[in-house]
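S.K.: model this:
(one chain, ligands or ions: 2)
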Amino acid sequence: MTHPNDIERYELCNECGGLCCALYLAHDEDGAYIGEGWLEEYIELWIERLSASGALGFDADGRMVAGTAGIEPLHDPRLSHRPDAVGEAYRATLPGWIDVRKCQFCHPETGCLLPREFRATICGEWVCELWETSAAETNGASR
Ligand code: SF4
Ligand code: SF4
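M.R.: Ligands and ions are numbered 1, 2, ... in the order given. Have a look, this model is predicted:
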């Protein structure tokens with residue numbers, strides 16, 4: 001599992017399992033739905049981000065496809081999170097290893113499938129608390 005930004009902290013991120021790419025985590029620990037009021041807009045926000053970066057494209061029927069990056073999205077969150085029969089039918093077509101809680105370009109084992117230049121801008125900027133702590137420890141140890 002690799003981190004989205006320019007520096008790899010393979011062990012840290014592998015242990016975490018890529019939580020920062022779990023964009024569509026819409027259920028709590030007990031399995032209750034918590035996506036009400038934010039998930040739909042958030043999916044749209046990430047469509048804008050990933051379209052702007054060249055990762056996502058759309059075909060003539062509005063289907064989500066590979067952008068100029070040439071990498072097919074693993075799922076379409078507009079469908080994979082639909083709480084109705086259409087969503088259910090779509091989810092049934094997805095291979096079991098695809099994790100729809102994650103970004104459509106996040107492979108559950110290896111992390112982001114996109115070359116860095118095609119990731120959303122925020123992916124190269126954002127770091128989690130664990131990352132900051134580990135970076136501080138690494139810097140402290142080298143002094
Ligand atoms: S940056 Fe943080 S949240 Fe993201 S994969 Fe690494 S440890 Fe996990
Ligand atoms: S584009 Fe890549 S780095 Fe950014 S959220 Fe998606 S999987 Fe993670």
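S.K.: ligand 2 contacts on the protein?
M.R.: 4, 21, 23, 103, 105-106, 112, 114, 119-120, 123 (C-beta under 6 Å from any ligand atom). For the C-beta atoms, the positions are set from N, CA and C on the backbone; glycine is no exception.
S.K.: who wins for most neighbours among those?
M.R.: C103 (29 neighbours; other C-beta atoms under 10 Å).
S.K.: shaky segments in the chain?
M.R.: Flagging of the chain using pLDDT under 70 yields the residue ranges 1-8, 135-136, 138-143.
S.K.: 80 instead?
M.R.: Scanning the chain for pLDDT under 80 picks out the ranges 1-10, 126-127, 131-143.
S.K.: report the central residue of it.
M.R.: C103 (2.1 Å; C-alpha atoms, centre = their mean).
S.K.: I figured that one hits C21, correct?
M.R.: Yes: applying C-beta atoms under 8 Å, one finds C103 in contact with C21, separated by 4.7 Å.
S.K.: re earlier: can you add secondary structure and give the residues of the chain next to ligand 2 back as JSON lines?
M.R.: Formatted as JSON lines, the residues of the chain next to ligand 2 follow (DSSP: H, G, I helix; E, B strand; the rest coil):
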{"residue": "P4", "secondary structure": "coil"}
{"residue": "C21", "secondary structure": "helix"}
{"residue": "L23", "secondary structure": "coil"}
{"residue": "C103", "secondary structure": "coil"}
{"residue": "F105", "secondary structure": "coil"}
{"residue": "C106", "secondary structure": "strand"}
{"residue": "C112", "secondary structure": "strand"}
{"residue": "L114", "secondary structure": "coil"}
{"residue": "R119", "secondary structure": "coil"}
{"residue": "A120", "secondary structure": "coil"}
{"residue": "C123", "secondary structure": "helix"}
